[in-house]
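> below is the sequence, then the predicted model.
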Amino acid sequence: MGDEMEAAAWAWRGWVSWRAAAVLLSAWLALHVAARVADALWWRPRRLEAHFAAQGVRGPPYRFLLGSVKEMVGLMVEASSKPMSPPTSHNALPRVLAFYHYWRKIYGPTFLIWFGPTPRLTVAEPELIREIFLTRADAFDRYEAHPVVRQLEGDGLVSLHGDKWALHRRVLGDAFYPDNLNRLVPHVGRSVAALAEKWREMAAADGSGEVEVDVAEWFQEVTEEAITRATFGGSYNDGRVVFGMQSQLMAFASEAFRKVLVPGYRFMPTKKNWLSWKLDRGIRRNLTRLIGRRSEEAAAAMKAAEGEKADTGSFRDLLGLMINASQRTTRAPAAKAIPVHDMVEECKTLFFAGKQTTTNLLTWATVLLAMHPEWQERARREVLDVCGSDDPSKEHLPRLKTLGMIINETLRLYPPAVATIRRAKADVRLSDGCMIPRDMELLIPIMAIHHDARHWGQDAAQFNPARFAGGAARAAKHPLAFIPFGLGARMCVGQNLARLEAKLTMAVLLRRFQIRTSPNYVHAPTVLMLLYPQYGAPLIFRPLASQPSAADSTTSSSCPRPEFLCQD
Ligand code: HEM
């Protein structure tokens, strides 16, 4: 009995000491986690503030957990509550990047701000930008977007890194050479002319003989057509179905983006989320099927063409280039294939990166033409001189210099991508002596650089396309003060396509319409990922007396098949 009691006492003591150890361990873990959290939310921000203050870089003070977000949101909400004043002004920076404009006046162009506990250093000096994007580019990386944005943009070029990025960039780059893009001119021209024809009919049906349209909405048709054709080429019809679904998905996802502050919102089984998941599955299924079919066709074509000269005369579409790169690996194993899953993601990225950006460019360019009738007339005269009674062809486009200048001035004043972000991969000392710690994010406010009177002169906030008469590199006092498409190795891969779409669209419309702003137009540029007109862009189109004849126009086609099957 005594032995049993002693054994029970030992067991009890053992249990108590295990329990004590477990309690101690849990307490230690809790303390450790609390210390880490306190460090991330309080001590690290204080250390970084001190680190930058010692180098003469200041900024709004860090506030626990919120950083500078409260002030930032306040400044942005206040700025977007009123339209531009006066309504013809292009001094849009204080409205669009209100927080940058406000703190820059206090702290200078380089300052520290806090997105919650995440610090960002603003960098707007062209010489520092040269280092970050060109000479020291290996020390900086693209920043990882929020998962909701990532879901929108796909896992393609925009978010890839290292060897995988290099492979995709090399393979896709071929499609964006001017000689290849020129083959899209008749297609894009036709889709703009079809849009113009709809507007002409609407104007004819209206007693006033003119029509009001919100170009921010209508131009989506043109850009969706162009990016679908660039991505899918001959399989345009199948591609249109896929990108139609992608378009819906983007509409849902941008709604989710607005609710990004509700943690886990994208995983909640809401009606919209169910629909999004269904659409996502549909996109993947359709694309995988399409890739399978085209891979078989490409393999057969490669076999048939063995020993013969490659056909360089037809349009090289983006999907085709990825499929061909993968076909080559079966013959040359050293070459790298792009797996089907990555092709699917890349298609999603191209659609995301190529559609809305270009819609915004077309929108702002047309708004600016409407606001500046003297430049509208100059551009129209040039289009008529160069193209005569035809719509523009690929030979005409390089000769439309005034339109090129107008597009550059639009990209300067209203750059669709108002800012970009980089992350330091290691500790880096910049040439101004500033030491950037590893993992620090750098915010490059593209729009602020484009509006800086130090580079652009006292008329920086005015619309003056003539400043681009000597080319983009010589338009400002510093050649890197104009970076609407970014800079360096990760510069926009689609800029030639965007410029082609913009020139062609403006030229086709100028030949057909007098354009002016509607009394309903409120000049209010604002940012939601990209630069949008906050209340849309209603403009009035009055058809001109002389319209291009159907036979001469790019809308006409000698191809007897449906237009989407023609490969010009
Ligand atoms: C006006 C229209 C456009 C603007 C203003 C624009 C702007 C930009 C900018 C600023 C970047 C660089 C971002 C950075 O360095 O962080 C970029 C990258 C990119 N853009 Fe565009 N873009 C436009 C049109 C297009 C089009 C039409 C396409 C596709 C067909 C496209 C595809 C891409 C891709 C894939 C990247 C990532 C490139 C890489 O990281 O290698 N963009 N764009």
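Arrived safely.

> average pLDDT across the lengthiest helix in the chain?
Counting residues, the longest helix found in the chain (DSSP state H) is helix 2-38. Over the span of helix 2-38, the pLDDT mean works out to 83.

> residues near the residue of the chain at minimum distance from the ligand, how many?
The nearest approach of the chain to the ligand comes at residue 494, 2.2 Å away (C-beta to the nearest ligand atom). To be clear about C-beta, it is placed using only N, CA and C from the backbone, and glycine gets the same treatment. Neighbour count of residue 494, defined by other C-beta atoms under 10 Å: 24.

> wait, isn't it in contact with residue 172?
No. If you go by C-beta atoms under 8 Å, residue 494 and residue 172 don't touch, sitting 9.3 Å apart.

> now the common contact residues for the two.
Residues touching both residue 494 and residue 172 (C-beta atoms under 8 Å, 6 or more residues apart in numbering): residue 350.

> all strands for the protein, in order.
Counting by DSSP state E, the chain has strands at residues 112-115, 118-122, 140-142, 211-214, 420-424, 428-429, 435-436, 441-444, 513-517, 525-528, 530-533, 538-543.

> the lowest-mean-pLDDT helix or strand in the chain: which residues count as buried?
When the helices and strands of the chain are compared on mean pLDDT, DSSP states H and E, helix 147-153 comes out lowest with a mean of 76. In terms of neighbour count (16 or more other C-beta atoms under 10 Å), helix 147-153 has its buried residues at 148, 149, 151, 152, 153.

> same thing with stretch 64-77?
Within stretch 64-77, judged by 16+ other C-beta under 10 Å, the buried ones are 67, 68, 69, 71, 72, 75, 76.

> any chance of JSON lines for those, columns pLDDT?
Below are the buried residues of stretch 64-77 laid out as JSON lines (pLDDT from 0 to 100):
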{"residue": "67", "pLDDT": "94"}
{"residue": "68", "pLDDT": "95"}
{"residue": "69", "pLDDT": "94"}
{"residue": "71", "pLDDT": "96"}
{"residue": "72", "pLDDT": "95"}
{"residue": "75", "pLDDT": "96"}
{"residue": "76", "pLDDT": "95"}
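
> in helices only, show me those residues.
Going by DSSP H, the helices hold 69, 71, 72, 75, 76 from the buried residues of stretch 64-77.

> what about residue 336, neighbour count?
Around residue 336 there are 16 other residues, counting by other C-beta under 10 Å.

> identify the residues contacting the spatially most central residue of the chain.
With distances taken as C-alpha atoms, centre = their mean, residue 353 lies nearest the centre of the chain, 4.6 Å away. Contact analysis of residue 353 by C-beta under 8 Å, 6+ apart lists 153, 156, 157, 158, 492, 494.

> now do the buried residues in stretch 427-435.
Buried, per 16+ other C-beta under 10 Å, within stretch 427-435: 428, 430, 434.

> for the stretch 401-550 of the chain, which residues are neighbours of the ligand?
Within the stretch 401-550 of the chain, the positions lying close to the ligand (C-beta under 6 Å from any ligand atom) are 416, 417, 420, 484, 485, 486, 490, 492, 493, 494, 497, 498.

> and of the strands of the chain, who's closest to residue 324?
strand 140-142 (26.7 Å; C-beta to C-beta).

> which ones are touching the residue of the chain closest to the ligand?
Here residue 494 is in contact with 176, 350, 353, 354, 357, 358 (criterion: C-beta under 8 Å, 6+ apart).

> and for residue 118?
Residues 67, 441 are the ones in contact with residue 118 under the rule C-beta under 8 Å, 6+ apart.

> residues of the stretch 151-300 of the chain that sit close to the ligand?
157, 158, 169, 227, 230.

> what about the third one, how many neighbours?
Right, residue 169. 14.

> roughly how far does it sit from residue 322?
To residue 322, residue 169 is 12 Å away according to C-beta to C-beta, to the nearest Å.

> what's the answer for residue 428, then?
34 Å.

> tell me which stretches of the stretch 351-500 of the chain form helices.
Counting by DSSP state H, counting those that start in this stretch, the stretch 351-500 of the chain has helices at residues 373-387, 401-413, 446-450, 453-456, 495-512.

> ok so, going back, ok, which pair from the buried residues of helix 147-153 is furthest apart?
Among these, 148 and 153 lie farthest apart (C-beta to C-beta), at 10.0 Å.

> just to revisit the earlier point, just list what the least confident helix or strand of the chain packs against, helices and strands only.
The contact analysis (3 or more C-beta pairs under 8 Å, 6 or more residues apart in numbering; DSSP states H and E) places helix 147-153 against helix 236-258, helix 340-371.

> pick the most buried one from those.
helix 340-371 (a mean of 23; mean count of other C-beta atoms under 10 Å).

> okay, angle between it and helix 236-258 too, please.
80 degrees (axes from the mean of the first three to the mean of the last three C-alpha atoms, to 10 degrees).

> now helix 340-371, how far from the chain's geometric center?
7 Å (C-alpha atoms, centre = their mean, to the nearest Å).

> again, but for stretch 523-537
Distance, stretch centre to chain centre, for stretch 523-537: 14 Å (C-alpha atoms, centre = their mean).

> if we can go back for a sec, of the helices and strands packed on helix 147-153, which is nearest residue 13?
Here helix 236-258 is closest among these (C-beta to C-beta), at 56.4 Å.

> outside of the closest one itself, list whatever touches it.
Residues contacting helix 236-258 (C-beta under 8 Å, 6+ apart): 148-149, 151-152, 220, 224, 227-229, 231-232, 265-266, 272-273, 275-276, 279-280, 282-283, 286-287, 290, 319, 347-348, 351-352, 355-356, 528-529, 564-565.

> now, of those residues, which are buried?
Counted by 16+ other C-beta under 10 Å, the contacts of helix 236-258 give 148-149, 151-152, 220, 224, 227-229, 231-232, 265-266, 272, 276, 279-280, 282-283, 286-287, 290, 319, 347-348, 351-352, 355-356, 529, 564 as buried.

> count of neighbours near residue 96?
26.

> quickly note the distance from residue 339 to residue 28.
Separation of residue 339 from residue 28 (C-beta to C-beta) stands at 45 Å.

> next one: residue 376
72 Å.

> of these two, give the one with the bigger neighbour count.
Applying other C-beta under 10 Å to residue 376 and residue 28 shows that residue 376 carries more neighbours, namely 21 against 10.

> how long is stretch 444-457 end to end?
21 Å (C-alpha to C-alpha, to the nearest Å).

> helices of the stretch 201-350 of the chain, start to end?
Ranges of helices within the stretch 201-350 of the chain are 215-232, 236-258, 271-304, 318-331, 340-371, based on DSSP H, counting those that start in this stretch.

> export those helices as JSON lines, with columns for mean pLDDT.
Output for these, formatted as JSON lines (pLDDT from 0 to 100):
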{"stretch": "helix 215-232", "mean pLDDT": "94"}
{"stretch": "helix 236-258", "mean pLDDT": "82"}
{"stretch": "helix 271-304", "mean pLDDT": "88"}
{"stretch": "helix 318-331", "mean pLDDT": "81"}
{"stretch": "helix 340-371", "mean pLDDT": "95"}
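
> hmm, back to that, can you pick out the most distant pair from the contacts of residue 494?
Going by C-beta to C-beta, the pair spanning those furthest: 176 and 357, at 14.3 Å.

> could you point out which of the residues of the stretch 151-300 of the chain next to the ligand is nearest to residue 125?
Nearest to residue 125 out of these is residue 158 (C-beta to C-beta; 25.4 Å).

> ok, the closest one - contacts?
Contacts of residue 158 (C-beta under 8 Å, 6+ apart): 142, 349, 352, 353.
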